[in-house]
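>>> Coordinates for the following, if possible.
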Amino acid sequence: MKICLTNKYGTWQSVGTGKGYFAVRLIGAMKKFGGTVTYDPGEKMDIDLQFGKYVYEPVNARASIIRMGPPHIDKHYMKQNKLKRIAIKRADGFIYQSHYGMRMCDVFIGPFQRGPKTVIHNGAVPMQTDSKVGKLFVASTRKWARQKRLKHILRAFLLADIPDAKMVVMGETKQNIDDRRIVYLGPCNRDTIDNNLKKADVLVSVVWLDCMPNSVCEALCAGCKVITASESGVPEIAPDLVLKENEWDFKPCDGNKPPGLDENALAELMRKSLTMPKPYFGHVDIDFIAKQYIDFFGEVLDGRS
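Numbering: from 1, shown residues only. Sure, this is the predicted structure:
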């Protein structure tokens, strides 16, 4: 099966973090299941797979599939989601990152009805997990936007008051709280992220209204327990330590102005997490995810034959 990746990012051949890094991992894993990846839109292929914002380009493919990211959800969402609505009308298949994300897209873009659609979570490469140092919490993202609620995480960590515990914060941030138990690493390269996840017991990710953060998949595959909040797609893959929040009504809002959360309840989850066993991660193993992509490509092609 020949697959072409065309998208706003150009090619996916550079390795880093975030969206591009997931695509690089996916490309490598799909090859194990008969997927040959090309970056030339002019080459004859079976599947045109597009990530990110949809930019329609005529390509010589039997089917076009969109891996849809989160939609815009503020009051200007109709204008901002214009390209995504084009995708709804032109694509032959749709992949959503979570059921939560699918519902967001149905509300703010419209339901996809032209062909098969599915939910496939993000994935990561399993890592060795025998280097845990004990009572080490991490919070990780590329850049700490307000919706990721770092200050709430840090205040809850201090409230938890766990003897000998440490919090390591990875990613660009100005939301610092000075305390000897909190270490700020700033922007991190791939090796630094992976090494800290291998050592950590727990990842804390209480992002509001996110479809599926890659950092959570990476943490699970490094043997980290994950604390998350209910209003995102994360509980679909990490259901054991979920902070219950008021349900979002799926009406337009500013995603960067999240509601407050119960820091005492979050602190209690941090204490509880240290009594929990290592999590299962087979459902986010990148090979398992890649096989789902290849199987879905086959379903779409069968429907067009």
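>>> can you pull out the strands in the stretch 1-150 of the chain?
Using DSSP state E, counting those that start in this stretch, the strands of the stretch 1-150 of the chain run over 2-5, 36-38, 45-51, 61-68, 93-96, 117-119, 136-143.
>>> burial count for the closest residue to Ile3 other than its chain neighbours?
The spatially closest residue to Ile3, leaving aside those adjacent along the chain, is Ile47, at 4.6 Å (Cβ to Cβ, 6 or more residues apart in numbering). Quick note: C-beta positions are derived from backbone N, CA and C, even for glycine. By the measure other Cβ atoms under 10 Å, the count of residues near Ile47 is 26.
>>> Centroid-nearest residue for this structure?
Centroid check for the chain by Cα atoms, centre = their mean gives Pro213 as the closest residue, at 2.5 Å.
>>> Now do the same contact list for Phe118.
Just so we're on the same page, residue 118 is Thr rather than Phe. Contacts of Thr118 were listed using Cβ atoms under 8 Å, 6 or more residues apart in numbering, and they are 93-96, 292, 296.
>>> Tell me where this protein has helices.
Remark: helices assigned in the chain by DSSP state H are 18-30, 77-80, 82-90, 99-108, 150-160, 190-199, 214-221, 263-273, 286-304.
>>> re the thing from before, as a markdown table, the strands of the stretch 1-150 of the chain with distance to Ala160 and mean pLDDT would be great.
Below are the strands of the stretch 1-150 of the chain laid out as a markdown table (distance: least, Cβ to Cβ, whole Å; pLDDT from 0 to 100):
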| stretch | distance to Ala160 | mean pLDDT |
| --- | --- | --- |
| strand 2-5 | 43 | 86 |
| strand 36-38 | 45 | 84 |
| strand 45-51 | 37 | 88 |
| strand 61-68 | 37 | 89 |
| strand 93-96 | 34 | 95 |
| strand 117-119 | 33 | 98 |
| strand 136-143 | 9 | 92 |
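>>> Deepest in the core, which of the ones you listed is it.
Using mean count of other Cβ atoms under 10 Å, the stretch among the strands of the stretch 1-150 of the chain with the largest mean neighbour count is strand 93-96, at a mean of 24.
>>> And for that one, what's in contact with it?
So strand 93-96 is contacted by 63-68, 87-88, 102, 105, 112, 115-120, 211, 293, 296-297, 299-300 (Cβ under 8 Å, 6+ apart).
>>> What pairs with that strand, parallel or antiparallel?
strand 61-68 (parallel), strand 117-119 (parallel) (DSSP bridges).
>>> Pipe those strands into TSV and attach distance to Ser140 per row.
Output for those, formatted as TSV (distance: least, Cβ to Cβ, whole Å):
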stretch	distance to Ser140
strand 61-68	23
strand 117-119	24
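>>> Ile286 is nearest to which of those strands?
strand 61-68 (14.3 Å; Cβ to Cβ).
>>> what does the closest one contact?
4, 44-51, 54, 84, 87, 90-97, 101, 105, 109, 296-297, 300-301, 304.
>>> Can you give the distance of that strand from its chain's centre?
20 Å (Cα atoms, centre = their mean, to the nearest Å).
>>> Please apply the same query to stretch 62-74.
14 Å.
>>> Need the distance between the two termini of it.
One end of stretch 62-74 sits 35 Å from the other (Cα to Cα, to the nearest Å).
>>> Quick check, pLDDT for the nearest residue to Glu263 once chain neighbours are set aside.
Leaving aside its sequence neighbours, Glu263 sits nearest to Ala156 (Cβ to Cβ, 6+ apart; 4.3 Å). The model reports Ala156 with a pLDDT of 98.
>>> ok, Ala156 - contacts?
By Cβ under 8 Å, 6+ apart, the residues touching Ala156 are 204, 263-264, 266-267, 270.
>>> State the number of residues packed around Arg180.
6.
>>> Need the phi and psi values for it.
phi -60, psi -20 (degrees, to the nearest 10).
>>> if I look at it, how far off is Lys151?
18 Å (Cβ to Cβ, to the nearest Å).
>>> likewise Val226?
Using Cβ to Cβ, we find Val226 at a distance of 20 Å from Lys151.
>>> between the two, which one's more packed in?
In this view Val226 and Lys151 are compared by other Cβ under 10 Å, and Val226 has more residues nearby, 24 against 15.
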